[in-house]
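Peer 1: coords please:
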Amino acid sequence: MERNKGIQKMKKNRLVALPGELWQSRELIWKLAKNDFKNRYAGSYLGRIWAFTQPVVTVLLYWFVFGHLMMADKKEILTTGVEAPYVLWLTAGLVPWFYFSEAISNGTTSLVEYSYLVKKVVFQISIIPVVKLMAASFTHIFFVMFMLVVYFCYGYQPDIYLIQLIYFSFCLFMFVLALSYVTCSIFIFFRDLMQIVNILLQIGMWATPILWNIAYLDGEPALQAILKCNPIFYIVNGYRNAMFAKTWFWQDMPATLYFWIVTIVFFAFGMFLFRRLKVHFADVL
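Peer 2: Below you'll find the predicted structure:
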């Protein structure tokens, strides 16, 4: 009996030890993240400029096709009834989605990419997925600033509600980190996982939704409810509400609680899976 309690306590301590490890290694994480970002485009002439060019071109392309060729009014109505220019509404959805897609892809392959560190006995490999997500965060911060510049150019004024962009960016980081601990642990043993992730990202962009408004489904509440189960919808909708609807995240407490419950569940499962499988990582790599 006492032995079983001791084993359960040891497993619990292993699950809660990860945040402490990350905090103790924060300086190393910051240094590795900066190096990762700098080295990503080290061999090209324009270097880190490419990290920002492709997403900007993508936003402009989507805006031209969906905002000019396929829409008449070029306005979107939020679920709160507030109108927003389509280009701003679109950008507010694409900015968090770009970060999510880049971070989950990099997080999934992080252990393989840093295999030389995984094989070191004394290295805390639990920080590697965080390094990749931090590196992706540099680009995300730039695009949040870019989005706000466009937002102000359209005549919107700075207000206190915009501070929620920090909160929703934190939500995004924590959710993708939770997923990354799951996917990076599995990817070492099942390399086809990256192809599955890419397919799910393609589906997810349309199902979140990013390019179209969920308000179009007012006549289908069941389908709306299913789409809102996607945690990324909470973040994208939060970006848009903070910028246009001027509402606080706690005003939709059911959605906030749902998001954090799902994130905590994925985090607990990810930490459990990572701890359980990490003893085999070096052997497989």
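Peer 1: Rounded mean pLDDT for stretch 64-78, please.
Peer 2: For stretch 64-78, the mean pLDDT works out to 62.
Peer 1: So which residues of the stretch 151-285 of the chain form helices?
Peer 2: 164-187, 193-207, 221-228, 231-240, 253-284 (DSSP state H, counting those that start in this stretch).
Peer 1: CA atoms of the second one as CSV?
Peer 2: So the one you mean is helix 193-207. C-alpha atoms of helix 193-207 as CSV (Å, rounded to 0.1, in the frame of the first residue of the first chain):
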residue,chain,number,x,y,z
LEU,A,193,3.0,12.2,-38.1
MET,A,194,4.3,15.4,-39.8
GLN,A,195,2.3,14.6,-42.9
ILE,A,196,-0.8,14.1,-40.7
VAL,A,197,-0.1,17.4,-39.0
ASN,A,198,0.1,19.3,-42.3
ILE,A,199,-3.2,17.8,-43.5
LEU,A,200,-4.8,18.8,-40.2
LEU,A,201,-3.5,22.3,-40.5
GLN,A,202,-5.0,22.6,-44.0
ILE,A,203,-8.4,21.5,-42.6
GLY,A,204,-8.0,23.6,-39.5
MET,A,205,-7.5,26.8,-41.4
TRP,A,206,-11.0,26.4,-42.9
ALA,A,207,-12.6,24.9,-39.9
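Peer 1: re earlier: which one of the helices of the stretch 151-285 of the chain has the poorest average confidence?
Peer 2: Across the helices of the stretch 151-285 of the chain, helix 221-228 gives the lowest mean pLDDT, at a mean of 89.
Peer 1: That one packs against which elements?
Peer 2: Helices and strands in packing contact with helix 221-228 are not found; criterion 3 or more C-beta pairs under 8 Å, 6 or more residues apart in numbering; DSSP states H and E. Glycine gets a C-beta too; all of them are placed from N, C-alpha and C.
Peer 1: In PDB, could you pull the C-alpha coordinates for that helix?
Peer 2: Coordinates of each C-alpha in helix 221-228 appear next as PDB, following Å, rounded to 0.1, in the frame of the first residue of the first chain:
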ATOM      1  CA  PRO A 221     -26.400  26.200 -34.400                       C
ATOM      2  CA  ALA A 222     -25.300  22.500 -34.100                       C
ATOM      3  CA  LEU A 223     -22.500  23.000 -36.700                       C
ATOM      4  CA  GLN A 224     -21.600  26.300 -35.000                       C
ATOM      5  CA  ALA A 225     -21.200  24.600 -31.700                       C
ATOM      6  CA  ILE A 226     -19.000  21.900 -33.200                       C
ATOM      7  CA  LEU A 227     -16.700  24.500 -34.800                       C
ATOM      8  CA  LYS A 228     -16.400  26.500 -31.600                       C
END
